[in-house]
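> next one to model:
(one chain, ligands or ions: 2)
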Amino acid sequence: MTTLLTFPKGGIHPPESKELTAAKKIEVMPVPAELEIILSQHIGAPCKPTVEKKAEVGEGAVIGDVVKGLGVPLHSPAAGKIKAISSSVHPLKLNAPSITITVNPEAAPLHYEKKEWRDIDPKELLGKLKDAGVIGIGGAGFPTHVKLSPPSNSPVDTLVVNAAECEPYITADHRQMVEHSAEIIEGCKVILRILGISNCLIGVESNKPNAFQALSETAANTAESDFKIEVRALQVKYPQGSEKQLIQAVTGRKVPGYALPSAVGVVVQNVSTAKAIYDAVVLEKPLYEKVITVSGKGIQRPANLLVKMGTRISDIVDYLGGIKPELKKIVLGGPMMGFAVSSLDIPITKTTSSVLFLSEDEIDTAPHSQCIRCGWCLEACPMGLEPKEIGLFVEANHAEETERFGVFECFECGSCAYVCPAKRPLVQFVRLAKMKAKRK
Ligand code: SF4
Ligand code: SF4
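Ligands and ions are numbered 1, 2, ... in the order given. So this is what the prediction gives:
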């Protein structure tokens, strides 16, 4: 690796805590007896079931589809029988409509053969992504076929691939890069073909030297004149994986406030989404399973697992030997942007990156106090916002006035709260301010 790139403003370096799983190969978890597939897995309209109770379904069969608005279909992760169309515990809502499948343990898993894609029209490639249910699996779950159709008045010249994986603990993308670099690089070529461009920059943090090497070597060994794919090494800094910070780190271009990456000629895709795009186009395999990290000192056997969508956390816990007595908190997602959950009944969705089982010494339980106006939160904010002012206005019941401090530019990375010596719940203040400002 040569010079390490990064974004210029703010950011933090929390303990990486990746050593529990970074060297652990992706393990295929056996399919549990039941799968609960939540019908709302992405931004946009939830799917409506396209199957009825008691229907037999095959692996990869469509079981739900969007009837209006933005969205993609949902596929059965395994062969089985529809047990129920009801509701499940949702990671963010109290519960959500879902389909429960009793898995047929006798059914042989499907095998997908590679198909040639280079003669396929870009519009048809986009259709394949939609049909395969591909969404951005590294973030909020934006349908990929929509994200790869930028507005015609913002011409795109560069694909930036987010391989930073800057959240502590999570190593799922890291393992995908080490073990599936060929599929990822080919997935990047599919994206470039769809966008009609040749430039691709992949940003990898320097704490993953074997991932950097695997991607660099694969890109060099499979070089083609139509595609210019370059892997760039990044400093280890949080939140390097957020779109605006990553774009600035790898291209030097600054996305203006409230604008999309296409405003500076860029489209960003997560590295594991590139793998899902390969699966959808080259293998014609729908997105119904994903690699997640299960980590923390509160689980018996931390691991990187390939799991079917709809696998319940309780099944993962059983498979990994149970929880340890020191468990204090379960977090879905990373410790910075994830959220605590209290039920093991929650099923894995397309956007689940990790499940963390944290012990007392891995979490911060100190009570919060008054702001001492130290300014550390301003220094840490990568967007140059004033989190302390937002917090003070929310406490004074003037949340609707926080727009002038750029509250809607905050993407809730938690850097400000992490450095605050008074342990103020600055992200919660921001969320409250956004809710109240929207109601104004
Ligand atoms: S949570 Fe928002 S205000 Fe706090 S550091 Fe991140 S972007 Fe800035
Ligand atoms: S870091 Fe905390 S205590 Fe310091 S100014 Fe910000 S909110 Fe106040």
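> residue numbers of this protein in contact with ligand 2?
Within reach of ligand 2 by C-beta under 6 Å from any ligand atom, the chain has these residues: 371-377, 388, 391, 419-422, 424. Placement of C-beta: from N, CA and C, glycine included.
> make TSV out of the residues you listed and add secondary structure.
Listed next are the residues of the chain next to ligand 2 as TSV, based on DSSP: H, G, I helix; E, B strand; the rest coil:
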residue	secondary structure
371	coil
372	coil
373	coil
374	coil
375	coil
376	helix
377	helix
388	helix
391	helix
419	helix
420	coil
421	coil
422	coil
424	coil
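> of those, buried ones?
371, 376-377, 388, 391, 419-420, 422, 424 (16 or more other C-beta atoms under 10 Å).
> so which of those comes closest to residue 291?
residue 419 (31.0 Å; C-beta to C-beta).
> model confidence over stretch 336-347, on average?
Average pLDDT, stretch 336-347: 91.
> typed the wrong thing, it's stretch 126-143
For stretch 126-143, mean pLDDT is 91.
> CA-only coordinates of it in CSV, if you can.
C-alpha atoms of stretch 126-143 as CSV (Å, rounded to 0.1, in the frame of the first residue of the first chain):
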residue,chain,number,x,y,z
LEU,A,126,-30.8,-3.5,-14.8
GLY,A,127,-33.9,-5.6,-15.2
LYS,A,128,-31.9,-8.7,-14.0
LEU,A,129,-30.9,-6.8,-10.8
LYS,A,130,-34.5,-5.8,-10.1
ASP,A,131,-35.8,-9.4,-10.8
ALA,A,132,-33.1,-10.8,-8.5
GLY,A,133,-34.2,-8.5,-5.7
VAL,A,134,-30.9,-6.7,-5.4
ILE,A,135,-30.7,-3.8,-3.0
GLY,A,136,-27.8,-2.0,-1.3
ILE,A,137,-27.0,-4.5,1.3
GLY,A,138,-24.4,-2.4,3.1
GLY,A,139,-26.8,0.4,4.2
ALA,A,140,-30.4,1.5,4.0
GLY,A,141,-31.3,-0.9,1.3
PHE,A,142,-31.9,1.3,-1.7
PRO,A,143,-33.0,-0.8,-4.8
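> list the contacts of it.
Here stretch 126-143 makes contact (C-beta atoms under 8 Å, 6 or more residues apart in numbering) with 41-44, 70-75, 120, 144-145, 147-149, 162, 173, 194, 241, 269-273, 276-277, 279-281, 284-288, 290, 349-351, 353.
> between the buried ones among the residues of the chain next to ligand 2, which sits nearest ligand 1?
Proximity of those to ligand 1 (C-beta to the nearest ligand atom) peaks at residue 377, which lies at 6.6 Å.
> quick one, what contacts that closest one?
Taking C-beta under 8 Å, 6+ apart, we find residue 377 in contact with 386-388, 416-417, 419-420, 426.
> turn the residues you listed into CSV, columns for distance to ligand 1.
Converted to CSV, these look like this (distance: C-beta to the nearest ligand atom, whole Å):
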residue, distance to ligand 1
386, 8
387, 4
388, 9
416, 3
417, 7
419, 9
420, 9
426, 6
